[in-house]
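Engineer: pasting the sequence and the predicted coordinates here, then a few questions.
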Amino acid sequence: MHLITAAVLTALLGRDRTAGDQRLPNFPGVMETVHVLPGRLRLRAPVLIGQGAAAGQLQKSLARLEGVRDVEVSSVSGTMLFRYAPDRVTPDLLLGAAVRLLGLEKDVLQTPPAAIGEGIRNAGDSLNHAIYAQTGGVLDLWTSLTLLLLASGIRQLAAGNPFGWPLLWWAYRNEFASQRARS
C-alpha cells in the first residue's frame with residue numbers, strides 16, 4: 001500500500017532533482033532531496049530532528065521495503081540515506097514511502113509562504129504594533145485605515161466628487177474584514 005501511495009504522490013507532484021534521467025520532487029522545509037545517485041538516495045526531513053525514537057522506527061520500516069539494501073536515519077541532521085538496488089526500486093518510490101511513513105502527505109501539498117509575502121506581513125504587523133503603542137491602544141493599523149478611508153470618502157462627497165462612494169465602500173469592507181479577523 002505504501003508503494004502505491006508513493007507512486008501516486010510522486011506522479012502528481014512537482015519534480016526538480018535529477019539522477020541521470022530520474023527526476024525527484026523537492027519540498028522545501030518538509031522533505032528535501034539532498035542527492036540522488038544510482039543505488040543511493042539522501043533525503044532531509046526537518047521533522048525528524050530531535051526525534052530519536054521516531055527515527056529508529058522509521059529506519060526499521062524503510063529497511064523492510066523490497067529492494068532496499070540499507071537505510072540510515074539520523075535524528076541529529078534529520079536525514080535518511082538509502083542504499084538500494086536500482087533495478088528493483090526507484091528513488092521516487094523511496095521518497096514517497098518516506099513521505100507516507102512520516103505522515104507528511106498534507107504538508108507536501110501545501111505551498112510554502114513566499115519570502116516577500118512574509119516580509120510584507122511582518123512589516124504590517126510591526127506598523128500595527130507601532131500605531132497601537134503610539135496611540136496608547138486607542139487605534140491600530142486597521143482602525144486607522146478605516147478612519148482614513150471614511151474621512152477621505154466624506155470629503156470627496158462633500159466636494160461633489162462621486163469617487164467618494166468607493167472610498168466609503170472600502171472603509172466599510174476594511175472594518176468588516178478587521179472585525180472578522182479579531183473574532
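Structural biologist: Thanks, I have the structure now.

Engineer: how's this protein carved up into domains?
Structural biologist: Using automatic domain parsing, the domains assigned to the chain come out as 2-109, 115-182.

Engineer: ok, the spatially most central residue of the chain - contacts?
Structural biologist: Central residue of the chain (Cα atoms, centre = their mean): residue 112, 2.8 Å from the mean position. Applying Cβ atoms under 8 Å, 6 or more residues apart in numbering, we find residue 112 in contact with 28-29. (C-beta placed from N, C-alpha, C; glycine too.)

Engineer: is it located within a strand, as I assumed?
Structural biologist: No - Residue 112 is assigned coil when assessed by DSSP: H, G, I helix; E, B strand; the rest coil, not a strand.

Engineer: got the residue ranges for the strands in this structure?
Structural biologist: Secondary structure of the chain (DSSP state E): strands at 17-19, 22-24, 32-37, 40-44, 68-74, 79-84.

Engineer: looking at those, spot the one closest to residue 156.
Structural biologist: strand 32-37 (52.5 Å; Cβ to Cβ).

Engineer: can you point out the buried residues in the closest one?
Structural biologist: 32-33, 36 (16 or more other Cβ atoms under 10 Å).

Engineer: which single one of these is nearest to residue 158?
Structural biologist: residue 32 (58.7 Å).

Engineer: excluding residues flanking it in the chain, which one is nearest that closest one?
Structural biologist: Distances taken as Cβ to Cβ, 6 or more residues apart in numbering place residue 44 nearest to residue 32, at 4.5 Å, with adjacent residues excluded.

Engineer: next up, the contacts around the one you found.
Structural biologist: 31-32, 34, 77-80.

Engineer: coming back round to it: export the strands of the chain to CSV and append columns for mean pLDDT and distance to residue 130.
Structural biologist: Output for those, formatted as CSV (pLDDT from 0 to 100; distance: least, Cβ to Cβ, whole Å):
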stretch, mean pLDDT, distance to residue 130
strand 17-19, 47, 43
strand 22-24, 70, 45
strand 32-37, 90, 37
strand 40-44, 93, 38
strand 68-74, 90, 43
strand 79-84, 92, 42
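
Engineer: could the ones you listed go into CSV alongside distance to residue 161?
Structural biologist: Compiled in CSV, the strands of the chain are given as follows (distance: least, Cβ to Cβ, whole Å):
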stretch, distance to residue 161
strand 17-19, 58
strand 22-24, 58
strand 32-37, 55
strand 40-44, 58
strand 68-74, 67
strand 79-84, 63
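
Engineer: rewinding a little: most neighbours per residue, which of the domains of the chain?
Structural biologist: domain 2-109 (a mean of 17; mean count of other Cβ atoms under 10 Å).

Engineer: shaky segments in this protein?
Structural biologist: The chain contains residues with pLDDT under 70 at 1-22, 177-183.
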